[in-house]
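Participant: Below is the sequence, then the predicted model.
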Amino acid sequence: MRIVLFTGKGGVGKTTLAAATAAHLARSGRKTLAVSTDPAHSLGDALECDLAAEPVEVDGTGGLFAAHIDARALLDGAWGRLREHLATVLAGAGVDELVADELTVLPGVEELLALSAVRRAAEAGPWEAVVVDCGPTAETLRLLALPEAVAGYLERLFPAHRRAVRGLLTRDRAAARRWERTAEALDDLVAELAALRTVLVSPRTGVRLVLTPERVVVAETRRTLTALALLGLRVDGLVANRAVPVPTADAPGAAAGWMRERAAEQAAVLADVERLGPPVRTVEYAAAEPTGVGALLALAAQLWGDDDPTTEPASAPALAVRRTAGSGRSADSEFELALHLPGAATAPLDLSRIGDELAVTAAGVRRLVALPAVLRRCTVTRARLDGDDLRVAFRPDPALWMR
């Protein structure tokens with residue numbers, strides 16, 4: 001099963017292209033699920049059908065099912081129960097009831113639940129392909145960063161070893177049972193977050209970034225590529241939507257002149273897009289809004305032709321560590337950690353060491369990179385950009401290095 005996430009700046013046509021791709025996959029004979037996590041829920045409008053939380057078959061597609069995720073309904077379910085458990089434990093620890101209730105509010109939990117629902121829907125059905133219509137870029141980046149960020153938050157607030165023994169430290173059986181229920185709920189949430197992260201960084205999951213040939217949009221796309229790489233996600237390709245058709249050179253009139261001028265400007269922008277790295281596909285501006293299965297299939301034919309939208313992408317460069325000096329356990333050893341970040345040369349970049357992790361901030365996204373065991377015993381000596389690669393140098397810390 002392949003999972004394809006469509007995102008882009010608001011208004012660039014990502015929902016339409018996601019719906020067209022899903023219809024194309026279904027028409028080719030594959031069981032396909034199209035699902036929306038976009039709060040606007042325009043997927044049903046594009047497919048011209050009413051969608052709910054449970055997948056429904058879209059007429060005329062030969063195997064396309066679609067759904068939209070109602071995050072608010074999910075919020076009242078499992079998370080509501082977990083909040084009750086946490087509030088009970090905090091109140092038992094002497095925290096004021098009102099304050100305890102506020103402490104259990106987790107920012108972004110609605111989006112997190114929506115992403116969890118997508119994972120469960122993808123793995124529960126007979127799908128060969130899952131196409132996800134995500135929200136606009138900024139919301140999507142926050143959404144995709146949540147599993148790792150929340151897992152780290154929970155581990156710091158309620159470490160696994162404390163969850164395991166806390167209930168054994170009291171003779172009050174009622175209090176012990178309350179803590180056990182809370183620990184079980186926390187363990188379930190941590191397991192769900194780990195499963196989400198596994199799905200997101202898997203080679204079977206890829207992102208299609210949709211843009212329009214405008215310099216402002218391309219600038220945001222460049223930052224998004226950097227942020228996605230920092231999060232460890234793969235970008236299968238870019239889709240440049242609404243390219244102006246080029247009229248013939250002898251076409252008369254002011255309209256034809258405007259189209260030639262606009263097309264020339266877009267061509268210059270697309271040349272910059274090609275240099276971003278991922279493969280680029282171009283879709284021409286349509287005279288009518290493509291809604292309904294027939295129009296979406298025609299759009300998909302222009303976008304994909306005979307190609308497979310779920311073709312496995314090349315493996316994204318992994319976080320790499322290599323020795324640059326010394327050997328064995330010698331104290332004069334040097335190491336280098338390399339992180340590939342497309343577009344990093346033009347994005348604000350910040351780097352800091354926090355315990356056994358490296359905090360990297362790029363393009364407005366922050367990620368804590370867990371250091372391999374050997375680098376935890378080292379100190380950072382310098383960092384530099386080598387093209388799109390962030391390279392961080394380490395030397396052994398005499399107080400911690402192996403003797």
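Facilitator: Received it, and whenever you're ready, just let me know what you need. It should be emphasised that the depicted structure is a prediction, and the values quoted were computed from it without experimental measurement.
Participant: Where does pLDDT dip in the stretch 301-403 of the chain?
Facilitator: The model of the stretch 301-403 of the chain has pLDDT under 70 over residues 312-318, 402-403.
Participant: Neighbours of Phe335, how many?
Facilitator: Counted with other Cβ atoms under 10 Å, residues neighbouring Phe335 total 20. Every residue, glycine included, has its C-beta placed from N, CA and C.
Participant: For the closest residue to it other than its chain neighbours, the count of nearby residues, please.
Facilitator: Of all residues not flanking Phe335 in the chain, Phe394 sits nearest, at 4.5 Å (Cβ to Cβ, 6 or more residues apart in numbering). When neighbours are counted by other Cβ under 10 Å, Phe394 registers 26.
Participant: for Pro247, helix, strand, or coil?
Facilitator: At Pro247 the chain is in coil, as set by DSSP: H, G, I helix; E, B strand; the rest coil.
Participant: Correct me if wrong: it contacts Glu261.
Facilitator: No - in this structure, Pro247 is not within contact of Glu261 by Cβ atoms under 8 Å, at 10.7 Å.
Participant: neighbour-wise, which of these two wins?
Facilitator: Remark: of Pro247 and Glu261, Pro247 carries more neighbours, 16 against 11, as counted by other Cβ under 10 Å.
Participant: For the more buried one, give me phi and psi.
Facilitator: As for Pro247, its main-chain torsions (degrees, to the nearest 10) stand at phi -70, psi 160.
Participant: Give me the distance between it and Arg353.
Facilitator: Pro247 sits 57 Å away from Arg353, going by Cβ to Cβ, to the nearest Å.
Participant: cool, and Gly305?
Facilitator: Taking Cβ to Cβ as the measure, Gly305 falls 49 Å from Arg353.
Participant: Bridged to Ile354, which residues?
Facilitator: Beta-bridge partners recorded for Ile354 (DSSP bridges): Glu357.
Participant: so it makes contact with Leu368?
Facilitator: Yes - with contacts counted by Cβ under 8 Å, Ile354 reaches Leu368, the gap being 6.8 Å.
Participant: Among these two, which residue is more densely surrounded?
Facilitator: Each of Ile354 and Leu368 has its neighbours counted (other Cβ under 10 Å); Leu368 has more, 15 against 8.
Participant: helices and strands around the host helix or strand of the more buried one, which ones?
Facilitator: Here Leu368, judged by DSSP states H and E, is contained in strand 365-370. Counting contacts by 3 or more Cβ pairs under 8 Å, 6 or more residues apart in numbering; DSSP states H and E, strand 365-370 packs against helix 137-157, helix 215-231, strand 357-362.
Participant: With mean neighbour count and distance to Gly10 added, can I get these in a markdown table?
Facilitator: Below are the helices and strands packed on strand 365-370 laid out as a markdown table (neighbours: other Cβ atoms under 10 Å; distance: least, Cβ to Cβ, whole Å):
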| stretch | mean neighbour count | distance to Gly10 |
| --- | --- | --- |
| helix 137-157 | 19 | 8 |
| helix 215-231 | 21 | 10 |
| strand 357-362 | 18 | 22 |
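Participant: Including distance to Glu48, could those go into CSV?
Facilitator: What follows is the helices and strands packed on strand 365-370, written out as CSV (distance: least, Cβ to Cβ, whole Å):
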stretch, distance to Glu48
helix 137-157, 25
helix 215-231, 27
strand 357-362, 40
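Participant: Perfect, that will be all.
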